[in-house]
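Peer 1: Structure for the following, please:
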Amino acid sequence: MGNTFFAAISRMKYIERWALMRSSRAETLSEHSLEVAMIAHGLCTIGNVRYGKHLDSKKAALIGLYHDASEIITGDMPTPVKYYNEDIRSAYKQVEAVAEQRLMDKLPEDLRDEFMSIFVPGDDEDERYMRRLVKAADKLSALIKCIEEEKSGNTEFKSAKSSSEIAVAAMAAQMPEVKDFVEEFLPPYGRTLDELS
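Peer 2: From the prediction side, this is the model:
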């Protein structure tokens, strides 16, 4: 059968996000993961350059690339369902853990530890903070999708945008890297290519 990890990971392009919403343009898990990786790398770089942190920005990008890989097996669970109550949230975390282990089992044994370090958080304080920035990048990516949908005239994302803004603002209050990104890099999203040139 061979080692099927990368073939399975390549299926991220078939997982559509925002399943309960009418989108003006579909977004795949691959697109979302790439955006999260780039933003996570940027947030860590801001932390290192401006705030004297020692965050592994390259690892943050890798974590961003793989952060939703379990959805290859589980599908994209809509946020209102996933966070409906603590019991559902806890059960879904268990499902994600099982799915991630299934992905690890698709790797040759000698490579598993290296990949597990991407999926499983370490004990180091810098790593925990870096993973919080990856989570912030995930929320920023959701907010960006809402901004883009709104700019295209789609009002379907109005409440999602509001809840995303609240979540991002809470993170920005705790992490200066997120605050800087929101102030400096978020405003141009939704502009046309001519406006960005």
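
Peer 1: Any chance of the backbone angles for residue 55?
Peer 2: phi -100, psi 140 (degrees, to the nearest 10).

Peer 1: Leaving out sequence neighbours, find the closest residue to it.
Peer 2: Nearest residue to residue 55, sequence neighbours excluded (C-beta to C-beta, 6 or more residues apart in numbering): residue 44, at 4.1 Å. In this view, the C-beta of every residue, glycine as well, is placed from N, C-alpha and C.

Peer 1: Test my guess that that neighbour contacts residue 56.
Peer 2: Yes: in this structure residue 44 lies within contact range of residue 56 using C-beta atoms under 8 Å: 7.1 Å.

Peer 1: Could you tell me which residues touch both of those two?
Peer 2: Shared contacts of residue 44 and residue 56 (C-beta atoms under 8 Å, 6 or more residues apart in numbering): residue 130.

Peer 1: circling back to that earlier point, how about the contacts made by the residue nearest to residue 55?
Peer 2: By C-beta under 8 Å, 6+ apart, the contact list for residue 44 reads 53, 55-57, 60, 130, 133, 177.

Peer 1: From residue 181, how far out is it?
Peer 2: Note on residue 44: its distance to residue 181, by C-beta to C-beta, to the nearest Å, is 11 Å.

Peer 1: Same check on residue 40?
Peer 2: Counting by C-beta to C-beta - residue 40 and residue 181 are separated by 10 Å.

Peer 1: of those two, who's got more company?
Peer 2: Between residue 40 and residue 181, counted using other C-beta atoms under 10 Å, residue 40 has the larger neighbour count: 30 against 22.

Peer 1: By residue count, tell me the biggest helix in this structure.
Peer 2: The residue-count maximum for a helix in the chain (DSSP state H) belongs to helix 125-151.

Peer 1: quick check: mean pLDDT across that one?
Peer 2: Across helix 125-151, pLDDT averages out at 96.

Peer 1: in whichever helix or strand comes after that helix, what counts as buried?
Peer 2: Where DSSP states H and E defines the elements, the next helix or strand beyond helix 125-151 is helix 158-174. By 16 or more other C-beta atoms under 10 Å, the buried positions in helix 158-174 come out as 160-161, 163-164, 167-168, 171-172.
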